[in-house]
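In: I would like the atomic coordinates for the input below:
(4 chains)
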Protein chains: 2
Amino acid sequence: MNNKPLLDYINIYINLTVEEKTILLSKIIHRNYLKGQYIVQQGDICKSANFIISGCTKTFYTNKEGQEHTVMFSVEDWWTSDLGSFITQTPADFNVQCLENTELIQFTFENLEELYTKIPKLERFFRKIIERAFVASQKRIIKNFSLAAKEHYLIFKETYPEIEQRVPQYMIASYLGITKEFLSKIKSQLIHDQ
Amino acid sequence: MNNKPLLDYINIYINLTVEEKTILLSKIIHRNYLKGQYIVQQGDICKSANFIISGCTKTFYTNKEGQEHTVMFSVEDWWTSDLGSFITQTPADFNVQCLENTELIQFTFENLEELYTKIPKLERFFRKIIERAFVASQKRIIKNFSLAAKEHYLIFKETYPEIEQRVPQYMIASYLGITKEFLSKIKSQLIHDQ
DNA sequence: AAATAATATTAATCTAGATTAACATCTATT
DNA sequence: AATAGATGTTAATCTAGATTAATATTATTT
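Out: Okay, the predicted model is just below:
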């Protein structure tokens, strides 16, 4: 069981004793998903917060017209789940699907509640994790609101340099909130611009 | 000093002892702002998390073209600040301006850090506050992405029934991410529709 | 290596919402 | 009550990005 990436990550925010680490590790679940499998499905209640050991996921939702909108991509050392659904234990707004074979560490809602009482320091850790998620979410709102598609695409390339190589163009278009055809247009404009 | 709304609010999430309440109250600042004044300005580091006792604020930012985008409105018993800037202590993306005379309770960054060490239970409280803010922020992304302006406006009216009466139309247009002229068009369409 | 499926590009046409500008109200100040 | 400033509406024109559809490329299977 490869727990090192998770423990290293936690160690950035809080210091756990050896006993605390033992308790923590007794309450996590290792799980492997294949490419294409769903970790969370829209409408289900998201049962776990998931830390990625290896692989890549996309978080998206489908509106009533059946159009997909990609909200984020996640890779190694990131969290992936419908955090809103997990927090409130209400039906998920989002799907989380594996774009590659993906290895996760899962915290179920019940296990995490238990961990909070046994290791109160974890309140601090998850406060900080959610703070970061919140900041990212706010920045996303600003981008969607104020940037033209071309600018938004350039920022995407800076923010996620690896992801453009790892996922198909139509998913990037979906992330940017534009059609794949328009993304294609933007890219050819950028080539001719220089 | 009217501390009751804050203590009632905290009591929903955690139970504080009498001593803990005393410590807490010794570390807060009451502050009154006049209509039009800024609690936070874009570019400054947001120094406090602010709980509204009375009044109303808007959170907005101005892009390089000088266009204002309203991200949220806040009223009594809500929090208002650039939480992203506060959390990371980096320059604010947003302005927070009072739309009415507004009475606040302020937690400075330093006081809050001190409170976390003296009353570790507050980690839990603020974790839950930020969880809620995060959920709201995620729902906002979905709305901006997938709804046509008319639908978005109807949801706005349901979500904030009081606010439409309390703030000018052009701010609502800014919140919806459309021009005031287009909002006007939508409203007259809705009247003729029925 | 051919065939099929999946993904990407190009181009023509269409539409939601922006922009501009003229006019109408409403509110506050002298 | 008259004027100025802020806010709201209507209408004409314009544009970013959507839609559709045809074609090209790339990856996967037989």
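
In: separation between the closest residue to residue A:83 other than its chain neighbours and DNA strand D?
Out: Leaving aside its chain neighbours, residue A:83 sits nearest to residue A:133 (6.0 Å; criterion: C-beta to C-beta, 6 or more residues apart in numbering or on different chains). C-betas here are computed from N, CA, C, even on glycine. According to C-beta to the nearest atom of the strand, to the nearest Å, residue A:133 stands 26 Å off from DNA strand D.

In: So what pairs up with the residue nearest the centre of chain A in the strands?
Out: The centroid of chain A falls nearest to residue A:80 when counting by C-alpha atoms, centre = their mean (3.4 Å). On the basis of DSSP bridges, residue A:80 is bridged to residue A:50.

In: That one and residue B:157: what is the separation?
Out: Counting by C-beta to C-beta, to the nearest Å, the gap from residue A:80 to residue B:157 is 34 Å.

In: rewinding a little: dump the residue contacts of the residue nearest to the centre of chain A.
Out: A:39, A:50, A:52, A:57, A:59, A:74, A:96, A:104 (C-beta atoms under 8 Å, 6 or more residues apart in numbering or on different chains).

In: So which of those wins on neighbours?
Out: The member of these that has the most neighbours, counting by other C-beta atoms under 10 Å in any protein chain shown, is residue A:57 with 27 neighbours.

In: What confidence value was assigned to that one?
Out: What the model reports as pLDDT for residue A:57 is 93.

In: part of a strand, is residue A:137?
Out: No - the assignment for residue A:137, made by DSSP: H, G, I helix; E, B strand; the rest coil, is helix rather than a strand.

In: related to what we said a few turns ago, and the residue nearest to residue A:83, that one's in a helix?
Out: Yes - assessed with three-state DSSP, residue A:133 lies in a helix.

In: got a list of what it touches?
Out: A:79, A:83, B:134.

In: of the residues you listed, closest to residue B:3?
Out: Closest to residue B:3 out of the contacts of residue A:133 is residue B:134 (26.6 Å), distances taken as C-beta to C-beta.

In: correct me, but that closest one touches residue A:83?
Out: Yes - the pair residue B:134 / residue A:83 is scored as a contact, 6.6 Å apart, by C-beta atoms under 8 Å.

In: Overlap in contacts, those two.
Out: Common neighbours of residue B:134 and residue A:83, using C-beta under 8 Å, 6+ apart, are A:130, A:133.

In: need the helices for chain A, in chain order.
Out: Here chain A has its helices, by DSSP state H, at A:4-13, A:18-26, A:83-88, A:109-118, A:121-146, A:149-159, A:163-166, A:169-176, A:180-193.

In: Could you dump these into JSON lines with distance to residue B:114 and mean pLDDT added?
Out: Formatted as JSON lines, the helices of chain A follow (distance: least, C-beta to C-beta, whole Å; pLDDT from 0 to 100):
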{"stretch": "helix A:4-13", "distance to residue B:114": "19", "mean pLDDT": "96"}
{"stretch": "helix A:18-26", "distance to residue B:114": "24", "mean pLDDT": "97"}
{"stretch": "helix A:83-88", "distance to residue B:114": "27", "mean pLDDT": "95"}
{"stretch": "helix A:109-118", "distance to residue B:114": "22", "mean pLDDT": "97"}
{"stretch": "helix A:121-146", "distance to residue B:114": "14", "mean pLDDT": "92"}
{"stretch": "helix A:149-159", "distance to residue B:114": "35", "mean pLDDT": "92"}
{"stretch": "helix A:163-166", "distance to residue B:114": "40", "mean pLDDT": "89"}
{"stretch": "helix A:169-176", "distance to residue B:114": "41", "mean pLDDT": "94"}
{"stretch": "helix A:180-193", "distance to residue B:114": "49", "mean pLDDT": "90"}
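
In: Nearest to residue B:27, out of those?
Out: Set against residue B:27 and scored by C-beta to C-beta, the helices of chain A come closest in helix A:121-146, at 18.0 Å.

In: That closest one versus helix A:149-159: what angle between them?
Out: Between helix A:121-146 and helix A:149-159, the angle comes out at 150 degrees (axes from the mean of the first three to the mean of the last three C-alpha atoms, to 10 degrees).
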